[in-house]
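Participant: The sequence isn't on hand, but the structure is:
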């Protein structure tokens, strides 16, 4: 296996990456031919993303009931790349457009880093994700072949593959003198000992490890230098390790006789990930902890990856980052930032944490619907120098309800009434698919995984394992049940979003609503009603959601005056209630000038004329509506 990013075999793969070829893969009883490198989608808004934690998704050979479905575990449970591969038809049937895989690069073999974020070798895959880990340790080509097969078979079904990557830190590759894996933050560099293949800190390896065992220290060898790491203990945004995960110094630079001014960490990470694209034909990167690296490096990395992918025919390779913050910080990393100098363009998109901070709380009735409207109103202000129309914002954000770093899933299953909040989840997913952004669904949502730290460790402050449950091994019922009501709901929403371009590209307006037909406004009380329109050219699609779990709602919602003549009727495109338990909207009503007071989300007040749609919703019902032709 290569131990240097400048190895001949690395260069050979990069040189051959642009050579077009045709792949042939069996899908069921048919054979599918497709080009390699696999072309990018024209627009990533045309699809939605399904996030998978590989170790927790599927273990095809696991004995029944082991490990427990929806159970907690902080060790490897045995999910494999072949397990994901076995469920590609299940995912395609759900309507998934791209699968986002937790990191597959090789982690420290002496640590139970089942999540994949403790990378030890940026040029190798983790053998523990292979169908036979012991064999893959002896022969790394086995896990490589299984990953290649997964990517090829996904492509044969029209699915794209996004790999989770880490630029900010490595695994627990050295120990601190006197402390072990973790040390308190220090303003000075601490003394370290690099770990051998057994995880033992070797005191004779204080300035770097010799080029020895592939499981020792860190690979490629360009990173195995003290200067490449911060070595100041656990820290936060100011710089420091993530617990035992050791932070890289991505700003480190020096003069190299052959290369001139040289940034060893940056150049190594860029070349390693270009090799990853060339070697495995993946379609995008989700970049972990992007917030903690310099915005300058984020732009350099994104540009280098974008140009390399363009050079081999992937014209829209997708990069999106984890910036766990609000709008202003995200704007520093995404696109051509109006707040930073220089020519390089940042990553394509960011995970939508500003929306995540509010949307689940609104869905559950803890926060008022106006909080969601306020997110997008603030976004328009922050992005004012970047967007030609506020419809453009939909391509810069990957939206979500929950993920692997939380301590509770959005879905809550009440032990006393297990199905009481089923409509709450489908309401939340429907809003996710109706709002601006590229939706991302966390694995198992469609099967009712409902982990919370309180279920497993009452009173615990941190317990991400609570939402990293195994998806297989459910008693008496198929774990990958395509008849599950949640699966069917997601399937229907996916089809609706595919058929309605306004839900993918449309401008977005939060609609004032009224219970008395006179006073219209955005709901600013918890358990209220949220109404949002997506408008594309002459087409308006309206979503109205009642977040109250106990009371129905009847009222009127403002719609576009020019697109909706008086008397126009709307059809229900989606509801989380079946037809026999829902009310159809009434015809569009005229609201004469002076007869109403309409309070907009931006604070403006108008008095008509206006047009409004009468809507009746059951508790926790959402309807997605469109004017009938």
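Facilitator: Yep, it's here. This is a predicted model, so every value here is computed, not measured.
Participant: only C-alpha atoms for contact and neighbour calcs from this point on.
Facilitator: Will do.
Participant: Run the chain-centre distance for stretch 93-109.
Facilitator: Put simply, stretch 93-109 sits 11 Å off its chain's centre (C-alpha atoms, centre = their mean, to the nearest Å).
Participant: End to end on that stretch, go ahead and measure it.
Facilitator: Start-to-end span of stretch 93-109 (C-alpha to C-alpha, to the nearest Å) is 35 Å.
Participant: Can you list the buried residues in it?
Facilitator: 94-109 (16 or more other C-alpha atoms under 10 Å).
Participant: Likewise for stretch 495-507?
Facilitator: 496, 497, 498, 500, 501, 502, 503, 504, 505, 506, 507.
Participant: mind checking the end-to-end distance for it?
Facilitator: End-to-end distance of stretch 495-507 (C-alpha to C-alpha): 20 Å.
Participant: same thing with stretch 375-394?
Facilitator: Across stretch 375-394, the terminal residues are separated by 13 Å (C-alpha to C-alpha).
Participant: follow-up on the earlier one: okay, the buried residues of stretch 495-507 in TSV with secondary structure, pLDDT and distance to residue 524 next?
Facilitator: Below are those laid out as TSV (DSSP: H, G, I helix; E, B strand; the rest coil; pLDDT from 0 to 100; distance: C-alpha to C-alpha, whole Å):
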residue	secondary structure	pLDDT	distance to residue 524
496	helix	98	29
497	helix	98	28
498	helix	98	32
500	coil	98	29
501	coil	97	30
502	helix	97	26
503	helix	97	25
504	helix	97	27
505	helix	96	27
506	coil	96	25
507	strand	94	23
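Participant: Of these, which is the nearest to residue 583?
Facilitator: When those are compared for distance to residue 583 (C-alpha to C-alpha), residue 496 wins out at 19.8 Å.
Participant: quick one: the closest one from residue 153, how far?
Facilitator: Distance, residue 496 to residue 153, using C-alpha to C-alpha: 26 Å.
Participant: ditto for residue 254
Facilitator: Residue 254 is 43 Å from residue 153, where distance means C-alpha to C-alpha.
Participant: These two: who's more crowded?
Facilitator: More neighbours surround residue 153 than the other of residue 254 and residue 153, with 22 against 11 (other C-alpha atoms under 10 Å).
Participant: Please list all residues in contact with the more buried one.
Facilitator: Taking C-alpha atoms under 8 Å, 6 or more residues apart in numbering as the contact definition, residue 153 lies against 25, 26, 27, 85, 88.
Participant: after whichever strand or helix holds it, next one along is what?
Facilitator: Following DSSP states H and E, one finds residue 153 within helix 141-156. Scanning forward in sequence from helix 141-156 by DSSP H and E, the next helix or strand is strand 160-166.
Participant: Specify the angle between that following strand and helix 141-156 in degrees.
Facilitator: In terms of direction (axes from the mean of the first three to the mean of the last three C-alpha atoms, to 10 degrees), strand 160-166 departs from helix 141-156 by 130 degrees.
Participant: Can you give the distance of strand 160-166 from its chain's centre?
Facilitator: 10 Å.
Participant: Pass me the low-pLDDT residue ranges in the chain, would you?
Facilitator: 63-68, 211, 236, 259, 336-344, 385-391, 459, 461, 476 (pLDDT under 70).
Participant: that older thread, any of the contacts of residue 153 buried? List them.
Facilitator: Neighbour-count burial (16+ other C-alpha under 10 Å) is assigned, among these, to 25, 85, 88.
Participant: want to try TSV for those residues, with distance to residue 551 and secondary structure as columns?
Facilitator: Below are the buried ones among the contacts of residue 153 laid out as TSV (distance: C-alpha to C-alpha, whole Å; DSSP: H, G, I helix; E, B strand; the rest coil):
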residue	distance to residue 551	secondary structure
25	52	strand
85	44	helix
88	40	helix
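Participant: ok, of those residues, which one's closest to residue 189?
Facilitator: For the buried ones among the contacts of residue 153, the nearest to residue 189 is residue 85 (44.5 Å; C-alpha to C-alpha).
Participant: For the closest one, give its distance to residue 92.
Facilitator: Residue 85 sits 11 Å away from residue 92, taking C-alpha to C-alpha as the criterion.
Participant: Return the residues in contact with the residue nearest the centre of the chain.
Facilitator: What sits nearest the mean C-alpha location of the chain, by C-alpha atoms, centre = their mean, is residue 440, with 5.4 Å. By C-alpha under 8 Å, 6+ apart, the contact set of residue 440 is 48, 49, 50, 51, 398, 399, 400.
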